[in-house]
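Trainee: need the 3D shape of this:
(2 chains)
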2 protein chains.
Amino acid sequence: MPTLRIALAQDNPVVGDLDHNADLIRRSASAATAAGAHLLATGEQSLTGYPVEDLALRHTFVEASRDRLVRLAAEIAEDGNGALPVAVGYLDADGPISSRAGHGVRNALALLQDGKVLFRYYKHHFPNYGVFDEERYFVAGHELHLARIGGVDVAFTICEDVWGGVPFAVAAEAEAGLVVNINASPYEQGKQERRLAVVKERAAQIGAPVIYLNTVGGQDELVFDGGSFIAAPDGSILSSARRFAAELLVTDLELPAAGNGDLANHSSSTMSSVLHVLSEEPAAVEARIEPSFAPDLDRLEEIWEALRLGLADYVEKNGFKSVIFGLSGGIDSALTAVLARDAIGGDNVHVVSMPSQYSSSHSIDDAADLAERCGLHYTVEAIQPIVDSYVAEVAISGLAVENLQARVRGGLLMALSNQHGHLVLAPGNKSEYAVGYSTIYGDAVGGFAPIKDVLKTLVYELATWRNAKARSLGQPEPIPENTILKPPSAELRPDQKDSDSLPDYEVLDGILTGYVDGDAGREDLVEQGYPADVVDRIAGLVDRAEYKRRQSAPGTKITVKSFGRDRRLPITNRFRGK
Amino acid sequence: MPTLRIALAQDNPVVGDLDHNADLIRRSASAATAAGAHLLATGEQSLTGYPVEDLALRHTFVEASRDRLVRLAAEIAEDGNGALPVAVGYLDADGPISSRAGHGVRNALALLQDGKVLFRYYKHHFPNYGVFDEERYFVAGHELHLARIGGVDVAFTICEDVWGGVPFAVAAEAEAGLVVNINASPYEQGKQERRLAVVKERAAQIGAPVIYLNTVGGQDELVFDGGSFIAAPDGSILSSARRFAAELLVTDLELPAAGNGDLANHSSSTMSSVLHVLSEEPAAVEARIEPSFAPDLDRLEEIWEALRLGLADYVEKNGFKSVIFGLSGGIDSALTAVLARDAIGGDNVHVVSMPSQYSSSHSIDDAADLAERCGLHYTVEAIQPIVDSYVAEVAISGLAVENLQARVRGGLLMALSNQHGHLVLAPGNKSEYAVGYSTIYGDAVGGFAPIKDVLKTLVYELATWRNAKARSLGQPEPIPENTILKPPSAELRPDQKDSDSLPDYEVLDGILTGYVDGDAGREDLVEQGYPADVVDRIAGLVDRAEYKRRQSAPGTKITVKSFGRDRRLPITNRFRGK
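Mentor: All right, here's what the predicted structure looks like:
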């Protein structure tokens, strides 16, 4: 069997920064050439970043992508890497670009060689669920392209094509010796297992290896988690790249030789295939490379890495140097602080203790303790004089005063952000966002909400795990034990506890997982054993908080359904708690 | 030719309130029976409201819709209206309901008679652009249903079907004598003209009248503007309903008799047809009804009515009784005040003057003057002591202090809202939202932004128009002349004017119309005559303000592209000002 040395660029492009992204591809091409690779693949829309959302409706952006692709082909050749076939993901158009229909815009892959574009493949299947809106933008391609490289017929596909399957059926018919599938697949818990399962199934179907190449990096609510891999027809994994980190993965693959017949122009009912012959002779392979396998991550480390990368890239890609938020001594802001330290370094993290008259002294101590353990910039600001100045102006009481305390804190953080240029982080968790237990324009202020998709029970798990990880590395625990052990409280009125008005977090989070993530109904949850009155109350809270969530900061998606692009509910909605 | 008396229920359903919506349909059925009608049609998803967004992924909601439909059929019969065929729009499912794909959920129309569901039609074409995401939810139907009523074959279609056209081609083939098209079509400027054009074209195509039945009412960002009409094949309008108001439109139509052949089971490549015979004999028509025609609205009155209805329904459907916002003496809050008065009555409108040290005395006078002219609840709150209390706590200057003033105002409004239950309105206009000239958590606070999609130049036009309308009715002008004439200013620093940092609003709004609404590029705008440096600066401001808009309140869409579901751009995006 002929052998091909395949290089996979698991890179971190930035949406809209075509020059930066082209540079990443050029660097990978140089490294792949140096490594003696016969093919370099890059991720879905590696040139434009993903998802570009409504930028796909702007003709200037699509033209910039098309033009930059042609220049990139020339640059790769100028760099001395012209002999290397390079698969690049980009945005193309071969029809009118219209914001009404998006017809003519293509989610495309081009194969570049010798300074030229050899062919352009257009994605066939589109995801249009969850966070994805590809039917809004793209028109489907119906032609699979194969490149004969070193006597092996390599087929190229994009992301949802591996789930939808038609291009793989055509690849099987065309007797492809390898199928490359390039992705920008966002992380959620359990996603990698589902990818492995479908890719192994496709490899068995075509009787040849399948390459699953993913992107890495954060983009608003999404984190692309890398973890690229190559699956053999027997279900074994031939090599794999790290999760949550950029990597150039180089693998030697023994592959089925192309048949002698003319395999061009196969067709199925919905898709045809075209063969491009680059080189018939088996490629020379010097000094075989041992396959490389990335370590598996355990459940909590995987989640932590997703949150860390999501935050780090939001900060960096939006041009911030530092973050600021309130440190209450409670578990949410404590976890946010450690996450921010891990993401951008403690010296770039500014935390503010803003105790009210209801804040317990241990809360203030815990906050100071954590800031010292993590090496954060720590200041204390009094809110009571400002709260008093409001109350002197308007006659308010009860909930209005509780919320006012949170809003004064938000005002102080925004003032410091405006003055010093820090990005404000909102440290709310998913359970809070779900039931609306946060103050809009108060503790919810911020440009990014790093743990927005983390249920409260998972907040505790992650805090415990992060401390244990520190111990295992011989480092001091970042989170004070008292912060983890004490009962959670918003501390907005005397002796307030979350449990005064909410069920235990195990119960709450169980109901939320069903109602929010699973679109379960009241009866489904009662059947699962949750008390009907509690289900009704929680579902009602979730429904009524929609207006707050609509104005909330984006945060990293880690579950099957996060609040944001992923879950689109009307505010005006009288279907309550069902 | 046989004559049919057709009743069209242009109603205002509430999303998720199936009982309320069913009651509206029952009342229309009683009124239609009393009027001697032979057919009653109701709007798209008249039973569930529209758009239900991700409620369509919740099996309990789809089941509630299916069950409520069956009960509604029985209720209409119990009411003594069983003989009347009633077309109802609702949500159906005939396959698994999955949040990953939405397969199996149908945007459906049922024809009810004698307590039974005679047939269920599933929408064929789906809008998946602009504010629409129907490919996310629905699977297409491929069977057109015709009902022979009084010897006329009536075909039924839903909304996008009239734009896509396949069901109309099948209706033409089946020799339909009338096509009913039920809609929930949201308002934007120029939309009614486009509807008239396409419906007239379809009527000519099938050689029979086409009914365009629209919904009315506000739903979050959308306003359904009514204006239902019946077009004849020669392009004439046979009757029409009012814009922006509920109405039962009853029209006698002379229609082509059904042929003698069996017209059932026609088929095209993608769609077949089925005929249901209800009554072969021409229907009896007592005392012919004169056709009714609604008045046309001029451009500004149409916009005003859209904004008024959008605000009124957001308040009412979300259970609020009253609104509150800051009245600065400037044009935006003045227009918002008059709009709120027109929408929900001056006694339900609370305005607060919150002058700073930079507020001119005429601004304060103008605010008081307007409040008195409009009969609003007016109070004055001082912000300087609160601003001072912040500045005593944190060392800030410049922009941070400017924003602080706006945030203190926002804090005061939220405190009053929490205390008294008013809905806070955000009075920002589209030009401000576009370039980010508003303070997040400051003047941008609010649950609803009534003039969010109104460019500043249109704000002035509407203010002038509304005063002129008052004069023409012999009423006092609601807006003080000085508010309209003085140069716009945020009054956040001494002698500040909008024109210090922005081009003239005519230029700004021209650029925004191209860049935002039209997805135009830099070169397109320079070709239109705008200076390149101004285009670059404005486009850059628009791009950088995306994070603010993502956290902004919803507001009524009146343009081809509003900020909200209509325009989805990444925050993290380095494609700048192109």
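Trainee: and the spatially closest residue to A:Arg567 that is not a sequence neighbour, what pLDDT?
Mentor: What sits nearest to A:Arg567 in space, not counting adjacent residues and going by Cβ to Cβ, 6 or more residues apart in numbering or on different chains, is A:Lys561, at 5.3 Å. Glycine gets a C-beta too; all of them are placed from N, C-alpha and C. If you check A:Lys561, the pLDDT there is 97.
Trainee: doesn't A:Arg568 make contact with A:Lys561?
Mentor: No - contact status for A:Lys561 versus A:Arg568: not in contact, 10.5 Å apart, counting by Cβ atoms under 8 Å.
Trainee: the more surrounded of those two?
Mentor: A:Lys561 (21 against 17; other Cβ atoms under 10 Å in any protein chain shown).
Trainee: show me which positions of the helix or strand bottoming out on mean pLDDT in chain A end up buried.
Mentor: Within chain A, no helix or strand scores below helix A:361-374, which has a mean of 91 by mean pLDDT, DSSP states H and E. Neighbour counts using 16 or more other Cβ atoms under 10 Å in any protein chain shown place A:363-364, A:366-371, A:373-374 of helix A:361-374 among the buried residues.
Trainee: contacts for it next, please.
Mentor: Helix A:361-374 is contacted by residues A:327-330, A:333-334, A:337-338, A:341, A:346, A:349, A:351, A:353, A:355, A:376-378, A:380, A:476-480, A:482-483, A:486, A:491 when judged by Cβ atoms under 8 Å, 6 or more residues apart in numbering or on different chains.
Trainee: circling back to that earlier point, then the residue nearest to A:Arg567 would be within a helix, right?
Mentor: No - looking at A:Lys561 with DSSP: H, G, I helix; E, B strand; the rest coil, it is coil, so not inside a helix.
Trainee: any idea how far it is from A:Gly43?
Mentor: Remark: distance between A:Lys561 and A:Gly43 (Cβ to Cβ, to the nearest Å) = 24 Å.
Trainee: same deal with A:Gly398?
Mentor: From A:Gly398 across to A:Gly43, the span is 53 Å (Cβ to Cβ).
Trainee: and the stretch 451-578 of chain A, which residues reach chain B?
Mentor: The interface of the stretch 451-578 of chain A toward chain B, taken as Cβ under 8 Å from any Cβ of the partner chain, is made up of A:518-519, A:521-524, A:547, A:550-554, A:561, A:565, A:567-576, A:578.
Trainee: didn't A:Arg407 look like it was pressed against B:Gly411?
Mentor: Yes - A:Arg407 is within contact range of B:Gly411, at 5.0 Å (criterion: Cβ under 8 Å).
Trainee: shared neighbours of the two, which are they?
Mentor: Contact criterion Cβ under 8 Å, 6+ apart; residues shared by A:Arg407 and B:Gly411: A:Tyr441.
Trainee: out of those two, which sits in the busier spot?
Mentor: More neighbours surround A:Arg407 than the other of A:Arg407 and B:Gly411, with 31 against 28 (other Cβ under 10 Å).
Trainee: ok, and the closest non-adjacent residue to the more buried one?
Mentor: Closest to A:Arg407 by Cβ to Cβ, 6+ apart is A:Gly442, at 4.3 Å.
Trainee: ok, how many other residues are close to the closest residue to chain B within the stretch 201-350 of chain A?
Mentor: Going by Cβ to the nearest Cβ, chain B is nearest to A:Lys317 of the stretch 201-350 of chain A, at 4.8 Å. If you count neighbours by other Cβ under 10 Å, A:Lys317 ends up with 25.
Trainee: and what of A:Val198?
Mentor: Each residue near A:Val198 was counted by other Cβ under 10 Å, and the total is 17.
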